[in-house]
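Participant: Can you look at this prediction? I've put the sequence above it.
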Amino acid sequence: MEKTVILIIEDEKKLLKTLADFLTINHYQVYTAEDGLQGIQQFMKHKGEIKCVLLDVMLPFADGNEVLKQIRLCSNVPVIMLTAKEEVEDQLESFSNGADDYIVKPYSLAVEKMHLEAVLKRSGQERDFLTAGDIRIEVEAQKVFVKDVFVETTPKEFEVMHFFVKNEGVVLTRDQILDSVWGYHYVGDIRTIDTIVKQLRKKLGNVVYIRTVYGVGYCFEGKGNDKQT
């Protein structure tokens with residue numbers, strides 16, 4: 001499976017490694033650079049592969065806006081600015097230079113991932129798969145993988161898993177799941193959800209990824225839990 005290629009240009013080594021490791025775990029291919037000049041060199045070297053650039057504003061040798069200008073001379077690849085500068089003027093400068101998005105530090109990795117996926121989607125380069133912890137969903141092929149091992153599912157089981165993965169960490173009611181998968185006009189038994197979840201738990205193995213929230217519904221957790229709840 002071809003991976004989406006991301007270039008991270010960030011001079012804070014710890015943050016650079018954290019971001020690169022996080023995106024690699026989430027099935028991206030990552031190139032990195034620790035200063036502006038190296039970032040421009042990396043972009044030019046891998047220009048045909050890179051689908052998005054995560055670009056720090058405050059960089060040595062060439063700042064983020066100068067790097068952005070150089071990228072825009074030859075490419076319309078999506079660029080997300082990463083910066084501790086939250087003033088409107090700074091954001092306007094980046095957007096005027098061709099930035100597609102702007103994330104103010106500090107930010108969570110989950111938020112960064114959501115911004116990245118949204119930018120890729122808007123640019124028509126979204127991936128044909130979703131990931132959440134140990135789970136990967138191939139959308140068009142309607143396939144589910146746990147730790148890269150294929151898990152066979154029925155069409156409805158896949159749709160429920162797809163909905164869970166898109167809403168990782170969110171407590172979902174049975175009505176929400178029914179409305180999303182079966183549609184608002186479904187008149188069947190709400191316990192259908194419980195049956196599907198039971199089947200999925202059996203197929204996903206010993207680790208519990210779908211946690212019961214008693215009196216409410218279910219919550220999907222990509223890393224799972226060894227103990228049934």
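Facilitator: Cool, the structure landed.
Participant: can you map out the helices along this structure?
Facilitator: Counting by DSSP state H, the chain has helices at residues 13-25, 36-45, 64-72, 88-96, 109-122, 155-166, 174-181, 192-204.
Participant: any idea how far the last one is from the chain center?
Facilitator: Helix 192-204 has its C-alpha centroid displaced from the chain centroid by 25 Å (CA atoms, centre = their mean, to the nearest Å).
Participant: Save the helices of the chain as TSV, and put in mean pLDDT and distance to Q142 too.
Facilitator: Using the backbone N, CA and C atoms, a C-beta is placed for each residue, glycine as well. Below are the helices of the chain laid out as TSV (pLDDT from 0 to 100; distance: least, CB to CB, whole Å):
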stretch	mean pLDDT	distance to Q142
helix 13-25	90	23
helix 36-45	94	35
helix 64-72	93	36
helix 88-96	84	38
helix 109-122	83	19
helix 155-166	90	5
helix 174-181	85	13
helix 192-204	91	14
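Participant: mind checking how far the most centrally placed residue in the chain is from K166?
Facilitator: Centre of the chain computed as the mean C-alpha position; nearest residue by CA atoms, centre = their mean is K113, 4.1 Å away. Per CB to CB, to the nearest Å, K113 is found 13 Å from K166.
Participant: Now do the contacts for the residue nearest to the centre of the chain.
Facilitator: Each residue near K113 by CB atoms under 8 Å, 6 or more residues apart in numbering is listed here: F22, L23, N26.
Participant: Near V79, how many residues? Count them for me, please.
Facilitator: V79 has 26 neighbours, counted by other CB atoms under 10 Å.
Participant: Tell me the spacing between the nearest residue to it once chain neighbours are set aside and V67.
Facilitator: Once flanking residues are discounted, V79 sits nearest to V53: 4.6 Å by CB to CB, 6 or more residues apart in numbering. Going from V53 to V67 by CB to CB gives 8 Å.
Participant: and for the two, which residues touch both?
Facilitator: Shared contacts of V53 and V67, defined by CB under 8 Å, 6+ apart, comprise I9, F43.
Participant: Quick check: mean pLDDT of the longest strand along the chain?
Facilitator: Taking DSSP state E as the assignment, the strand of the chain that covers the most residues is strand 217-225. Strand 217-225 shows a mean pLDDT of 86.
Participant: That one packs against which elements?
Facilitator: strand 129-132, helix 155-166, strand 171-173, helix 174-181, helix 192-204, strand 208-213 (3 or more CB pairs under 8 Å, 6 or more residues apart in numbering; DSSP states H and E).
Participant: can I get the CA coordinates of it in CSV?
Facilitator: This file holds the C-alpha atoms of strand 217-225, laid out as CSV (Å, rounded to 0.1, in the frame of the first residue of the first chain):
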residue,chain,number,x,y,z
GLY,A,217,-23.7,3.2,23.8
TYR,A,218,-20.1,2.5,22.7
CYS,A,219,-16.7,4.1,22.5
PHE,A,220,-14.0,2.9,20.0
GLU,A,221,-10.4,3.0,21.2
GLY,A,222,-7.8,2.2,18.6
LYS,A,223,-5.1,1.0,21.1
GLY,A,224,-7.6,-1.2,22.8
ASN,A,225,-7.8,-2.7,26.2
